[in-house]
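**Q** What shape does this take:
(2 chains)
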Amino acid sequence: EAGVAQSPRYKIIEKRQSVAFWCNPISGHATLYWYQQILGQGPKLLIQFQNNGVVDDSQLPKDRFSAERLKGVDSTLKIQPAKLEDSAVYLCASSLGGESTYNEQFFGPGTRLTVL
Amino acid sequence: AQSVTQLGSHVSVSEGALVLLRCNYSSSVPPYLFWYVQYPNQGLQLLLKYTSAATLVKGINGFEAEFKKSETSFHLTKPSAHMSDAAEYFCAVTLSNDYKLSFGAGTTVTVRA
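**A** Modelled structure (predicted):
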């Protein structure tokens, strides 16, 4: 079974530029998550999708971050314009979903963003 | 809101020695607790989880953890460290009714030959 795929793996941009990250979850997983992992910290949830609808985006800085999950499969996370403090690893995860039981989250390898 | 605290950002052990990583949680309702491992330039991999069944949980790669409600702890142990255990380890908590993970800051393990 293929895992969660993310691209690019690394990205270096100047501040005020824009950047986009792509995630392809495990086939059949209804729930998709984007996390931000700043160096020395644990991952922090940015946004959670159930199929193509947003379940939780309370931690997403909506003035500069946006995310979409068209057709309930692939997802894109965008930052525009980027700030120095956005330098982090962006992790995508997916799970089967469902509300009646805990479903394990499977993580992709992440995209390491450096903002100069 | 739930949270976890990992005591010690860095642990160094000798190969063959006991590995002990500490995690304390804060939760107003019965939690689910997890340990994840992250190798360099990779995503997180689930080591083990506690979901209100047995309090002693066995995971992959010889790791285990014990849920102690009285101490609000979920410490991770491995009797004998191997060089391949060098990685970053994260404790995480979620409530049984929302399944949103909250992670600790992580503990980096180095293994000395």
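**Q** mind listing what B:Val11 touches?
**A** Contacts for B:Val11 (C-beta atoms under 8 Å, 6 or more residues apart in numbering or on different chains) come out as B:19-21, B:107-110. The C-beta positions use only the backbone N, C-alpha and C, and glycine is treated the same way.
**Q** Among those, the buried ones, what's the PyMOL command?
**A** Only the buried members of these enter the following PyMOL selection, criterion being 16 or more other C-beta atoms under 10 Å in any protein chain shown:
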select buried, chain B and resi 19+21+107+109
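**Q** Pick the one among the contacts of B:Val11 closest to B:Thr77.
**A** Closest to B:Thr77 out of the contacts of B:Val11 is B:Leu20 (5.3 Å), distances taken as C-beta to C-beta.
**Q** Who are the contact partners of that closest one?
**A** B:11, B:75-77 are the contacts of B:Leu20 under C-beta under 8 Å, 6+ apart.
**Q** Kindly report the same for B:Ser102.
**A** B:1-4, B:92-94.
**Q** go with 6 Å
**A** For B:Ser102, the contact set (C-beta atoms under 6 Å, 6 or more residues apart in numbering or on different chains) comprises B:2-3, B:93.
**Q** Just the buried ones from those?
**A** For those, a neighbour count by 16+ other C-beta under 10 Å gives the buried set as B:2, B:93.
**Q** give me the number of residues near B:Glu15?
**A** Look at B:Glu15: counted by other C-beta atoms under 10 Å in any protein chain shown, it has 13 neighbours.
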